[in-house]
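K.L.:
Quick one: sequence plus predicted model below, questions after.
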Amino acid sequence: MSTIRLTTAQALVKFLNAQYVEFDGIQQRFIKGIFTIFGHGNVLGLGQALEENAGKLEVYQGRNEQGMANAAMAFAKQKHRKQIMVCTSSVGPGSANMVTSAATATANNIPVLLLPGDVFATRQPDPVLQQIEQTHDLSISTNDAFRPVSKYWDRVSRPEQLMSAMLNAMRVLTNPADTGAVTIALPQDVQGEAWDYPVSFFEKRIHRIERRSPSPESVQDAVKLIQSKKKPLLIFGGGVRYSEAADAFVKFAEVFNIPFGETQAGKSGVESNHPLNLGGLGVTGNSAANSIAKEADLVIGVGTRFTDFTTASKQLFGKADILTINISEFHASKLDAAKVVADAKLGLDAIAEGLESYKSGYEDEIEKAKQGWQEELDRLSSIAFEENFTPEIAGHLDDQLPEYIEALGTELTQTSVLGTLNVLVDDEAIIVGAAGSLPGDLQRMWNTKSRNSYHMEYGYSCMGYEIAGALGVKMAEPEREVYAMTGDGSYLMLHTELITSLQEGKKINVVLFDNSGFGCINNLQMENGMGSFGTEFRKRNPQTGKMDGPVMEIDFAKAAEGYGVKTYSVRTRVELIAAVNDSKKQSVSTLIDIKVLPKTMTHGYDSWWHVGVAEVSEKESIKKAYADKETNLEKARAY
Ligand SMILES: Cc1ncc(C[n+]2csc(CCOP(=O)(O)OP(=O)(O)O)c2C)c(N)n1
Ligand SMILES: O=C1C[C@@H](O)[C@H](O)[C@@H](O)C1=O
Ligand SMILES: [Mg+2]
């Protein structure tokens, strides 16, 4: 057996360089590059290996481990899981910072490879700096916290373990049914230890991303079920995008005249103006999709995880049977569905063959529902503050609005800003989002004019993903303009990969909606009988001892200007138009700080979200919220 003597870290880098995927006969390198934040836990091992010979891996420098790993995830998501990034962190806090991203990637079924440094395998110098020292178990380190949030977890405690660890890592990273974060913990001593690795370990490996075929029996069942129904509704989930099945999906919808709603991950797989595209479905859905869903007699979920947002906590599809087409048996089995466990394209094609001349029984309902939503969309896009103004989310902070107008210096409404932006940005531009009120507004209001132009992380809805995510998306699609759509809360939580975008010359545009608060959570608490509590950004008031002092005023544009970002402060529609148009001419990253009035985001359309409400309270409004929840629960499926 011919061997080559390398350190564990050198062998790992060499191995990563040799990984390829093949999908529909097309081969490409699987690992584009590696984000790094070096510390004593990785610099002399993996750092040394990368300095000496990184091969074709591009080496980037992150600002925050969570940020860089979110960027890595966004890259892989935008690449439809056909290419990934790796992230290496130091030991202890550096690795702990990546745990949130591992969870985000795993919840969304997006592959990322995380390589946190670990404490010494030999234990000679223990306790090392940043070692926790669990007294009941010395084998535990911070990296064990990745176990519940990774799809595959391993620790390389001897150099030769690298081979089985990495082969399993690749198995999971390229498995469309069960991918997510893969964590390989690397003790710092082992990273530098040498071993005689078999040369065969480094040979070019091509991992075929298989399209799983459906069983003939499951297809027959699906055909019979559809043929017995008059009002089926398709759901376009993220899996359709990852399987590159959009054309097959549209053909299926067109041939059988079946309308479809979009999930957050599926949106923009097909342009919004397709006559059968009803748009966003569920809690953050619009009136067209939700009204058709309520009347549907069959829901065909393709590549969807059926989260509570899609099913409106299992209340939306009241009358329908459920059919699923999913490559994952786990997701296909949800809602007690009839299931076709298969790749989206192969599943749809096989069912289509069996359906022959089937046509749904829709007459003009689809057109009418779309028309009704278009009118509502036009209304939302043109809401302007005026005398006796009632905000969309009425009855919460109506009396405080004048104070916000004064503090933020704005009368702009969030929905009108979105309507204007949707017209201003180029058709090919990609918007990125994750948390706050914007995902709901965008899923309802954003008209996608080109494919894969809507990138929403709504599996984990992780605040702070937006800016890092935009960087990852820009790395995946450098030719397209990318907009991070973020609230002030998300921006404050994590935005420092904006600096990485400047460093890398990867221009992103941050569109920041400053309503001085955790707006959607303020809505949620007040809609459920609470007061406004801990969610407005107000100064502590020495008189009351509470955070009910003046509204905080933050000049985000000024702060970002110091980074070297081109910034704009926007308080009027005219300023918004000028800012967006000018930002397009820039080659550096930009930030548009838009002051918007709270409570001017969209409200729900015929949907229910099951949230935990107090069963006992002295407040009548809480008692009512609890009673309402119980009533709604009765209308929902039990499982
Ligand atoms: C990391 C993380 N922490 C907490 C939450 C819970 N959460 C969801 S939205 C939100 C507030 C978002 O505020 P902002 O970004 O300003 O958006 P707005 O709702 O005001 O539009 C919070 C705290 C979350 N989704 N992610
Ligand atoms: O708790 C939440 C409420 C949602 O409205 C929001 O979009 C999401 O970020 C969240 O975490
Ligand atoms: Mg906010």
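P.N.:
The structure has been received and is ready for your questions. Numbers count the residues shown, from 1 in each chain. Ligands and ions are numbered 1, 2, ... in the order given.
K.L.:
C-alpha from now on. contacts and neighbour counts both.
P.N.:
Noted.
K.L.:
need the contact list for the residue of the stretch 401-550 of the chain found nearest ligand 2.
P.N.:
As assessed by Cα to the nearest ligand atom, ligand 2 sits closest to residue 435 within the stretch 401-550 of the chain, at 3.4 Å. Residues in contact with residue 435 (Cα atoms under 8 Å, 6 or more residues apart in numbering) are 457-458, 461-463, 486-487, 490.
K.L.:
now it: how far from ligand 1?
P.N.:
From residue 435 over to ligand 1 the distance is 5 Å, taken as Cα to the nearest ligand atom, to the nearest Å.
K.L.:
Which helix or which strand is home to that residue?
P.N.:
Using DSSP states H and E, residue 435 is not contained in any helix or strand.
K.L.:
what does the one 4 residues further on give?
P.N.:
Residue 439 belongs to helix 438-445 when elements are defined using DSSP H and E.
K.L.:
how far does that helix sit from the chain's center?
P.N.:
13 Å (Cα atoms, centre = their mean, to the nearest Å).
K.L.:
same for it, what does it pack against?
P.N.:
Packing partners of helix 438-445 (3 or more Cα pairs under 8 Å, 6 or more residues apart in numbering; DSSP states H and E): strand 277-280, helix 414-424, strand 482-487.
K.L.:
repeat that for 7 Å
P.N.:
Contact here means 3 or more Cα pairs under 7 Å, 6 or more residues apart in numbering; DSSP states H and E; on that basis helix 438-445 packs against strand 277-280.
K.L.:
Now do whatever helix or strand comes next after the strand it packs on: which elements does it pack against?
P.N.:
Note on strand 277-280: by DSSP H and E, the next helix or strand toward the C-terminus is helix 287-295. Packing partners of helix 287-295 (3+ Cα pairs under 7 Å, 6+ apart): strand 277-280, helix 365-381.
K.L.:
Now tell me what touches helix 287-295 from outside.
P.N.:
Under the criterion Cα atoms under 7 Å, 6 or more residues apart in numbering, residues 233, 261, 278-282, 316-319, 369-370, 373, 605-606 lie in contact with helix 287-295.
K.L.:
tilt between the helix or strand following it and helix 287-295?
P.N.:
Using DSSP H and E, the helix or strand that follows helix 287-295 in sequence is strand 298-302. Relative orientation of strand 298-302 versus helix 287-295 (axes from the mean of the first three to the mean of the last three Cα atoms, to 10 degrees): 120 degrees.
K.L.:
The following helix or strand past strand 298-302 and ligand 1 in contact?
P.N.:
Later in the chain than strand 298-302, the nearest helix or strand by DSSP H and E is helix 308-311. No - figure legend: helix 308-311 not in contact with ligand 1 (Cα under 6 Å from any ligand atom); closest approach 13.8 Å.
K.L.:
Show me which residues of the stretch 401-550 of the chain are close to ligand 3?
P.N.:
487-488, 515, 517-519 (Cα under 5 Å from the ion).
K.L.:
for residue 182, what are its contacts?
P.N.:
112-114, 150-153, 169.
K.L.:
And those, which is closest to ligand 2?
P.N.:
Of all the contacts of residue 182, ligand 2 sits closest to residue 150, with 20.5 Å by Cα to the nearest ligand atom.
K.L.:
The residue nearest to that closest one when sequence neighbours are not counted: what's it in contact with?
P.N.:
Using Cα to Cα, 6 or more residues apart in numbering and skipping the chain neighbours, the partner closest in space to residue 150 is residue 181 (4.8 Å). By Cα under 7 Å, 6+ apart, residue 181 lies in contact with 102, 105-106, 110-113, 150-151.
K.L.:
and if we set it to 8 Å?
P.N.:
Shown in contact with residue 181 (Cα under 8 Å, 6+ apart): 102-103, 105-106, 109-114, 149-152, 173.
K.L.:
which parts of stretch 585-605 are buried?
P.N.:
588-605 (16 or more other Cα atoms under 10 Å).
K.L.:
Kindly report the same for stretch 292-311.
P.N.:
292-306, 308-311.
K.L.:
Spell out which residues of the stretch 301-450 of the chain are next to ligand 2.
P.N.:
Among all residues of the stretch 301-450 of the chain, those adjacent to ligand 2 (criterion: Cα under 6 Å from any ligand atom) are 435-437, 439.
K.L.:
May I see those residues organised as TSV, with distance to residue 4 added?
P.N.:
Formatted as TSV, those follow (distance: Cα to Cα, whole Å):
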residue	distance to residue 4
435	48
436	52
437	54
439	51
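K.L.:
any idea which of those residues is closest to residue 543?
P.N.:
Checking these against residue 543 with Cα to Cα, the nearest one is residue 436 at 30.8 Å.
K.L.:
what's the closest non-adjacent residue to that closest one?
P.N.:
Closest to residue 436 by Cα to Cα, 6+ apart is residue 520, at 5.7 Å.
K.L.:
and the contacts of residue 181 near ligand 2, which?
P.N.:
Among the contacts of residue 181, proximity to ligand 2 is found for none (Cα under 6 Å from any ligand atom).
K.L.:
just checking, which of those residues belong to strands?
P.N.:
Judged by DSSP state E, the subset of the contacts of residue 181 located in strands is 112-114, 152.
K.L.:
and those, which are buried?
P.N.:
In terms of neighbour count (16+ other Cα under 10 Å), the buried residues within these are 112-114, 152.
K.L.:
For the residue nearest to the spatial centre of the chain, what are phi and psi?
P.N.:
For the chain, residue 457 is the residue whose C-alpha lies nearest the centre (Cα atoms, centre = their mean; 1.0 Å). Backbone torsions of residue 457, given as degrees, to the nearest 10, read phi -90, psi 100.
K.L.:
cool, and residue 478?
P.N.:
According to degrees, to the nearest 10, residue 478 has phi -60, psi -20.
K.L.:
I'd assumed residue 504 was in contact with it.
P.N.:
No - using Cα atoms under 8 Å, residue 478 is not in contact with residue 504, being 11.4 Å away.
K.L.:
helix or strand for the residue nearest to residue 62 when sequence neighbours are not counted, which one?
P.N.:
Computed as Cα to Cα, 6+ apart, the closest residue to residue 62 that is not its neighbour in sequence is residue 68, at 5.2 Å. Here residue 68 sits within helix 65-78, counting by DSSP H and E.
K.L.:
Can you spell out which helices and strands pack onto that helix?
P.N.:
strand 31-36, strand 84-89, helix 93-107, strand 112-118, helix 465-476.
K.L.:
Could you export the ones you listed to a markdown table, including columns for mean pLDDT and distance to residue 205?
P.N.:
Listed next are the helices and strands packed on helix 65-78 as a markdown table, based on pLDDT from 0 to 100; distance: least, Cα to Cα, whole Å:
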| stretch | mean pLDDT | distance to residue 205 |
| --- | --- | --- |
| strand 31-36 | 98 | 12 |
| strand 84-89 | 98 | 15 |
| helix 93-107 | 98 | 24 |
| strand 112-118 | 98 | 17 |
| helix 465-476 | 98 | 23 |
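K.L.:
and the ones you listed as a markdown table, adding distance to residue 22?
P.N.:
Output for those, formatted as a markdown table (distance: least, Cα to Cα, whole Å):
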| stretch | distance to residue 22 |
| --- | --- |
| strand 31-36 | 13 |
| strand 84-89 | 14 |
| helix 93-107 | 22 |
| strand 112-118 | 18 |
| helix 465-476 | 18 |
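K.L.:
Many thanks, we can stop here.
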